[in-house]
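Enquirer: Fold the following for me, if possible:
(chains A, B, C and D)
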Amino acid sequence: MAEVAQHPPVVTTPVSGPLAVRLRRLGEIVRQVLRNPVTVIGLVIIVLMFTMALLAPVITTPNEPNPYQMPRDWSALNEPPGTPGHPLGTTAHGGDVLYGIIWGSRTSLRLSLIVVGVTVTIGTIVGSLAGYLGGKVDEFLMRVVDIFLAIPELIFALAIAAMLGPSFTNIILALAVVYWVKYARIIRGQIMHIKQNDYVDSARVIGDSKFHIYAKDVLPNSFTPVMVQATMDMGSIVLVGATLSFIGLAEAGLAEWGVLVSEGQVGISTGRWWASTFPGLMIFLWALAFNLVGDGLRDVLDPRTESR
Amino acid sequence: MDTRRRTPQWSRLLVVVALLAVACTSGGTTETTGEDGEAPTTTGGEGEAPATTEGGDEGGEGSGDVFVHAADDEATTVDPAQVEPGEGGETIITQVYERLIEVGPDGPDLVPGLATEVPTIDNGLISEDGLTYTFPIREGVVFHDGTELTAEDVKYSWDRAMTMDLPEGNAGLLADIVAETNVVDDLTFEVTLSEPSASFLNAVVTASVASIVSQDAVEANGGVVAGEVNEFLTANPVGTGAYELTAWNRGENFQLGVFEDYWGTPANIDVRIDIAPDTDTRILGLRAGEYDMMEIDPSLVPDLEGAEGVEIYSGEFLLEPIHIGFNTRFEEGSLPPEDTIGPDFFQDPLIRRAFNLTFDYEGFIAGALGGMGGTVPHYFPQGMLGYSEDYPVYEQDLAAAQALFEEAGVWDEGFTVSVIAEEGNLFEVAALVLRDSMAALNPAFEIRVLAQAEAQFDEAHASDPVPYAMWVKNSDPFADPDALMNAYIHPDGEWGTVHGMREMYQDPDAIAGLIDEAGTELDTDARLALYEELAPMLYDDPMWIIAGNETALNAHRDTVTGFVMNPLWPRPSVKFAFYDK
Amino acid sequence: MQIRDYLIRRLMVLPILLIGVSIIVFTLTRIGGSPIGIYLSHEMTPEEVEQLEERYGLNEPLPVQYLAWAGGVLSGDLGWSGVAVAPVTAVFGDKLTATMELATAAGIVAVTLGITLGTFAGSRRDRLPDHLTRVFSVSGSSMPDFWFAILLLIVFWVYLGWFPIGRSDPAIWASIAHPTGLYTVDSLMAGSWQALRDAIWHLILPAMTLGLATTAIITRMMRSSLVEELNEDYVDAARAKGLPERLVLKRHARRNALIPTVTVIGLSFGFLLQGTVVVEILYQWPGMGRWLADAVLRGDQATIMAYVLFTSVLFLTVNLAVDIIYAYLDRRVVLGS
Amino acid sequence: MTATAFADTTSGRSGVGLVASVQDLSIHFQTKTGMLHAVDEVSFDIRDGETLGLVGETGCGKSVTARAFMRLVATPPGVYAGGRIDFWSSETRAAGGGPVNLLTIPEDEMLGIRGNRIAMIFQDPGKALNPALSIGDQLAEVFYQHRSDELLDPLGPGTPAVVRRAARQEATRVEKILLKVPPLRSQANRVKAAVDDRVAAALADTQIPNPGKIMDRYPHELSAGMKQRVLIAQALACDPDLLIADEPTTALDVTVQARILELIAELLDRHDTSVLYISHDLALVRGMCDRVAVMYAGRIVEIGLTEEVFSDPLHPYTRGLMNAVPSSAHRRGALTAIIGSVPELIDPEPSCRFNTRCPYAAGVCRRLDPRFLRHTLEHGVVCHAHDDPAALAARPDEMPSFARVDDAR
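Expert: Residues are numbered from 1 along each chain as shown, chains lettered A, B, ... in the order given. A predicted model of the protein is given here:
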């Protein structure tokens, strides 16, 4: 969690400049990332998960009217894997495990993309304001950030989700409220650091406007650690989200892995392992994949912590 | 506030550690650290708590000699005047307190409790006008605190509940019907009703709120204050039951000890009620032999069926059908924004009938209830007085439903309506079944299932008006149809008012008249005739979707002997005094 | 800056943070409506509801309610826990000691195992043990703990029957006094081996589950900072003095590698705390985590508020302590910069 | 043995008058793309009491060579690919023993040599001290490690084993606690006091003012010059036979540099220690060293008495180096550097490593390793051109061409 937040600012080579230069640098990063076999494994898992999510309406018949709800067959409860029509079996409530896993990947993708998107945006705005304007604004914003950081994240998300009531939207909201803080801190730290660099000074000397400098030089160069963190968070958000769902904060019948594990939890003691094992494994693989890729990215982007 | 406020134990840890570090003296020091730091509650006060045994190892008789029941939630209170019907505290109250008369182990028959006879008109203990009931009190009964039971205690207990009139409690049950309580002599108690009641004995005298508490114990610990909770009684029951509460480790367990001076057949074995909210742990515990018994619902049967050493008992139906309510008494726009219906929607009997015809009863009963349940006619649960198998029961009939929806003019445009349910239980499942059924009939019919935390559900549920058009829960476990009719069917009754049933019924006055008449009719046959007239009217003009009724289930180790269960007893419908192992 | 000055400055900011947290927490709980729900049953009349609102002061305007609550907190009254069915403060001690015992056990496991594994891997960089450790630490931090707990329960409780669940065998628990509330300490003080074994046996599975993620994090941090330290000149300088590798590793490299690790250990304290929620539910551990989960599911706002507030205080304190320890360990650090 | 291998013929193989002798030392590094020949069949001697300078560009292998003396090259990725380093310790010599091969002796024997018979001064004093330990503690380690017997002497033969183990830094955690309680505490304190005395003396030796106070300080509290003094004190604490000084003044300010150099010179004189002095600074080497060896791309290309090498550099590379040195002959800003860069050292084919940059490079330079040629009794070179000295003499002006750079480093 705050592992990254604790890092001193990371110094990286400037990525601003003509598009060609940026592309070349990007290409170089990709090549380096791909050199690590473990990272490649992570990438493969991610690609598979994404494909599964994207093809969900094609490989399953979507449940009407809301495909994110598990279809239930009340005449086929607790069917083991291999049952015709239910290749991975059914839950105690007749939910098709395979459908839950496939649409659960969509749910996870939605969850992580929305939360990461929203939090990076908010974090960037707040962090930029604080880091770039400095002074009183910075002082104030950082106190707010400190307050948010004072509450352990799962507890915070749990409390928010609980108060808003069980629903998937509320889980997204809760996680967004919790996660933006990290990014604000990272961005601020980076900006504070980069602000002092020569090339910013030189840009200022040339007479660029403040905003221009920010958009052209400062921001692009702040994004390296954000990228690493965001990749890691793509995994951890699903993990935390599933935990909230498991505790019972997702909406009823949602096709979500945590919900499935919780639905299958009861049966596991009597050998009905499938309903919780498969989705649990999916959560694990999802988090693992993003951790591996995030790790690999960090190795490449953040030479200071080489070979972590 | 807790009268015996204790220092947080972790702060004491520091002191102890410091003491230990400084004076590394003889081993006996631990005993001086004051009250054993143990159970937050012990019946007899500080002294009775398990004493510190120096060696410690002899102390445990092992759980082999204790009957362990796994409960899924903890009581909030064990004070009869404070407990809500159906709440966990009733489990304890049933064991440690007694009522004047009790529901016997077999079926709905009443048996004498602290009164030596069940009053009837025939034995003269009920007056001809049906207003005065006389209870001869049993002699030689002692409370757990050693005082002797008199009619004074009985009057005190009833009056106490009515005076305190706690909003969370069930005092209204007494107050609504009782006009006067009298002590005739030491061993005779008399009560006068405000109107004749067919259900007084079944529904009121046997209820938890009518439990008899020790006057001396109450007076010694705060007495009776109107509208205020008695902190002592909340956690320290002083009754006459076969068990006394020896310890209540909050969040962990209740310990019930055999009461040696019990007037009747004494209980056989000490009981511990472990609080294990997680279903899986309860099931695994029972399978592992760690628990002797647990309450189960039908969905858990597959987990326990065939398990070694586990027996599943299934008996009568519970008297608490799971029903889905139609609310029409809400402000336009006060529903969740996704909802597209207005207050008049459910006023249309065609739609209510159509909903009743769409619900997948078979799926719910065979699936969610695992076959352990049955359908219920409007509104007479099987096993209760007034039930007849001849009454019409709704079954799924999609064609008929479609016709009705078309007739009501909602088929083409469809609708969205939210149904609230407590999160994570059968009610949520019933809501899911409704949603699936409706979506299968017509994808334009969207039922949104909103699962909510208990407190939020309760808050929404107790709001006036209720801000949702539909909700799912079970009915309260009434022991008499009159209570059920008044609460759920009567246009001016509890839910009748909340839901606006007067506007929903085609002929509200006819229904109200029949219910009122049956409620004061002391002759059972005459009463049944009235209900027979009522049943088809309720079928034609349904106020609920009755999803189904669960079978009373229980799972226990096969070593348990003397097992009996009666759904008319409060959850988990058992009396431990009958058991042994 | 002197440690003392720094401490004073940090302590001065602390109340501001706490007020901030308390406002957030209060606002948060009120988003879900008034906390009246936990006192209600569904058949209460509006009058009865009002009566209850009055009893708990919930008909006042929000700022008044906040001040009343905050005032209560300051005077040691955290409200009524609907879940525990007692004043929050009355059950707090018991729940906290239970959780602390679990968290401490998990923490001890995580710290020793994490440092050992991290040192092991870091000093064998890019060799097999290092790769295995990396696999362990990445999987460890990707493992959903509720799932892991289920797997452990199945194997060790259901099938092997090695370890029980819950916190104690009640009979054994009742056989000794509990002056501290920490079962292990109590059993030691009572000199009862049976109780000690019982305490430890009950601790093993939950502590393992709870400690897994933290172990992974600490391992990872320890490994990477050790690798970093081993590349430093002073390590070679120490070798050049003729110190045996054992001392080079222990006294020099590891000691410095521990500095960043201490920060992570401090931060993982929050991790342990939040982990108790799931772990305590599944292992039936009567602590704060389960209390919170129940409170969340039943909408018991007083408990949630008290819990979040307390956690934050604890968390802030631990962070402060970590900073100070950090400054103590790493002489180069200038506090407050 | 290939053509490059040469004996430093200035001394005999008897070892008389030698403190160390490096023969055919090869150290390779495993990389993803192949074996990197960082040190390639290097041979030279260090004579008793002399200061041998080892010069070359960054990355030429001089530091690796130096570390090989301490056996501090990390394996992996390093590989001791061949050769030996013989070392005549004063201790064994006093006992009539011969040399030991530093690359093959057992580790515990090596521990007895490191910091005791061979000591090392590191390049950056800021990094070579452990930031978490006080100066006193760090110096004390040397005495505990190598002089524990002397420390225990005053305590007499009855000293408890725990105290002995503590003085040898072998005490376990539990024993350390034991040492803090009364019966053992006084004895432990006496050992501690003895160590403190020695540490203070060692510090005073390097002219550190107020050594008692410095002992309690932490590295970050001291200036760079001070730290280097501490490191020097640490290195000389046990009167080593051989001191390896790896660019000891590079990281220091110029003013401090001078004073540290003076100090080193003065101390070496007093301690009569042989020195392997590594530097890229030719002026400095010229002032400090008796002899100098020039290294290029993992090989020694020229070796000889300082005066001879400087007055008559034989190898084209050496000449280039000389010209890269700022001197009064060059205008400010007109420093020069050798054109091109160091060749890839991964799996090299036989050739002169300098051929890519050498103006004289002929076909043979790319095909064959050059051999060692003796120029004078004390001066040798490894260069094909010197097989045909006429070639070199004929075109004296066409020595390596130079490019201007801002900084010679």
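
Enquirer: where do the helices sit along the stretch 51-200 of chain C?
Expert: With DSSP state H, counting those that start in this stretch as the criterion, the stretch 51-200 of chain C has helices at C:62-74, C:88-122, C:128-142, C:145-152, C:170-175, C:183-190, C:193-230.

Enquirer: Least reliable of the ones you listed by average pLDDT, please.
Expert: When the helices of the stretch 51-200 of chain C are ranked by mean pLDDT, helix C:170-175 comes last with a mean of 77.

Enquirer: elements contacting it?
Expert: helix C:193-230 (3 or more Cβ pairs under 8 Å, 6 or more residues apart in numbering or on different chains; DSSP states H and E). Heads up, the C-betas are built off the backbone N, CA and C, glycines and all.

Enquirer: what mean pLDDT would you report for whichever helix or strand comes after the helix it packs on?
Expert: Downstream of helix C:193-230, the next assigned helix or strand under DSSP states H and E is helix C:233-240. Averaging pLDDT along helix C:233-240 gives 84.

Enquirer: which residues does the residue nearest the centre of chain C contact?
Expert: Centroid check for chain C by Cα atoms, centre = their mean gives C:L273 as the closest residue, at 2.6 Å. Each residue near C:L273 by Cβ atoms under 8 Å, 6 or more residues apart in numbering or on different chains is listed here: A:152, A:155, C:99, C:103, C:289, C:311, C:314-315.

Enquirer: Go through these and single out the one with the most neighbours.
Expert: C:G289 (29 neighbours; other Cβ atoms under 10 Å in any protein chain shown).

Enquirer: which residues are in contact with the strand or helix carrying it?
Expert: Element membership for C:G289 (DSSP H and E) is helix C:288-298. Identification of contacts with helix C:288-298 by Cβ under 8 Å, 6+ apart yields A:155, A:158-159, A:161-162, A:247-249, B:251, B:277, B:423-424, B:453-455, C:38, C:81-84, C:91, C:95-96, C:98-99, C:273, C:275-281, C:284, C:300-301, C:303-304, C:307.

Enquirer: ok, now stretch A:277-288?
Expert: A:42, A:45, A:49, A:88, A:97, A:100-101, A:104-105, A:108, A:235-236, A:238-239, A:242, A:257-258, A:260-261, A:264, A:268, C:138-139, C:141-144, C:147, C:150.

Enquirer: That one: which residues count as buried?
Expert: In terms of neighbour count (16 or more other Cβ atoms under 10 Å in any protein chain shown), stretch A:277-288 has its buried residues at A:277-280, A:282-288.

Enquirer: can you list the residues you listed in TSV and add pLDDT and distance to D:T75?
Expert: Formatted as TSV, those follow (pLDDT from 0 to 100; distance: Cβ to Cβ, whole Å):
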residue	pLDDT	distance to D:T75
A:T277	87	45
A:F278	91	47
A:P279	92	47
A:G280	93	44
A:M282	94	43
A:I283	95	42
A:F284	95	38
A:L285	95	38
A:W286	95	40
A:A287	95	37
A:L288	94	33
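
Enquirer: which of the residues you listed lies closest to chain D?
Expert: Among the buried residues of stretch A:277-288, A:L288 lies closest to chain D (Cβ to the nearest Cβ), at 26.1 Å.

Enquirer: gap between the helix or strand where the closest one lies and the chain center?
Expert: Using DSSP H and E, the secondary-structure element containing A:L288 is helix A:274-301. Here helix A:274-301 shows a centroid-to-chain-centroid distance of 11 Å under the convention Cα atoms, centre = their mean, to the nearest Å.

Enquirer: angle of that helix against helix C:193-230?
Expert: 30 degrees (axes from the mean of the first three to the mean of the last three Cα atoms, to 10 degrees).

Enquirer: report the angle between the axes of helix A:274-301 and helix C:145-152?
Expert: Using the same axes, to 10 degrees, helix A:274-301 lies at 130 degrees relative to helix C:145-152.

Enquirer: Kindly calculate the angle that helix A:274-301 makes with helix C:128-142.
Expert: 120 degrees.

Enquirer: hmm, back to that, just the ones in strands from the contacts of helix C:288-298, please.
Expert: Among those, the members falling in strands (DSSP state E) are C:S81.

Enquirer: Nice, that's everything, thank you.
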